[in-house]
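Next input, structure requested:
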Amino acid sequence: MLGHLAALAQSHTTLEESNMGDVNLRFEAIPVFAPLIALFLAFLALRAARGKAGPRWDWKYVPVRMLTAIYIAGVLGFTFFPFQIMYGKYADHMVWYNQVNWLPLVTLDSSAIPNVILTVPLGMALPILSGKVTSARRALALGAAFSLAIEVAQVLGCVLFNNYRGADVNDVIVNALGCMLGYWIVRQASKVSFLKDLLQRLALPGSVLATGVQSLGAVTHSQVQPR
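Residues are numbered from 1 along each chain as shown. Model prediction:
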């Protein structure tokens, strides 16, 4: 097993060394995430087969959990990979704060559209997976936090591994808006009877859509008190 992993890593990374101080390692996304996704699928199957983890881990929720895992892997692959570790003559010697765009909106252009689209699935998944994101404001905040974590990690990668990835405050803004847009799409869909039924079948127990909400942000039947 260890020999197989070592061979896999060797086949998908490049190592260039002219002396002990010059290092250039490159990792591709698929060899990193494919085994992790396979392990996650095995974990889900084991929990569902044992039947002791509660209804949230039933077989019928395996597809939505797997789609979520694949989406997260895709986002990380898009934002961090190919991941490089560089030292010596290969390193990016620009100081980290010069690789951060600190000015919001000034440099915003059409290239921000992919970053909006990137987090639309996240906003759509939140009411299916969680019972806590019950408003567009919460979706916006969670999208901003998700994006900020990625940007900070990219800066840390620049500082620790001397790679060329930087950060942009505009990414946080448009990612947050994309997340809110995805939430809004599901909110509108939940007002259509057959779409609402479909979403509720996909939703995990205890999530916003599984608790009988007529439309996201509305009051559930269980919350209506008799007079």
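
For the rest of this, base every contact and every neighbour count on C-alpha atoms.
Fine.

Can you pull up the most central residue in the chain?
By CA atoms, centre = their mean, the chain has its centre lying nearest to Ile72, at 3.6 Å.

Quick check, pLDDT for that residue.
Per-residue pLDDT puts Ile72 at 97.

Ser18 now?
For Ser18, the predicted pLDDT is 45.

Please enumerate the helices of the chain.
2-11, 29-50, 62-80, 113-118, 120-129, 136-161, 169-189, 193-202 (DSSP state H).

now those as a markdown table including distance to Val95?
Output for those, formatted as a markdown table (distance: least, CA to CA, whole Å):
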| stretch | distance to Val95 |
| --- | --- |
| helix 2-11 | 30 |
| helix 29-50 | 26 |
| helix 62-80 | 19 |
| helix 113-118 | 25 |
| helix 120-129 | 32 |
| helix 136-161 | 8 |
| helix 169-189 | 17 |
| helix 193-202 | 46 |
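
Out of those helices, which is closest to Leu105?
The closest of the helices of the chain to Leu105 is helix 169-189. By CA to CA, the value is 6.2 Å.

What residues of that closest one count as buried?
Neighbour-count burial for helix 169-189, counted by 16 or more other CA atoms under 10 Å, picks out 169-184, 186-187, 189.

so where is this structure shaky, pLDDT-wise?
Counting by pLDDT under 70, the chain has low-confidence residues at 1-20, 212-227.

same thing but at 80, please
1-21, 52-53, 92-93, 96-97, 212-227 (pLDDT under 80).

between the helices of the chain, which one is nearest to Asn98?
helix 136-161 (10.5 Å).

What helices and strands are in contact with that closest one?
Here helix 136-161 touches strand 83-87, helix 120-129, strand 167-168, helix 169-189, going by 3 or more CA pairs under 8 Å, 6 or more residues apart in numbering; DSSP states H and E.
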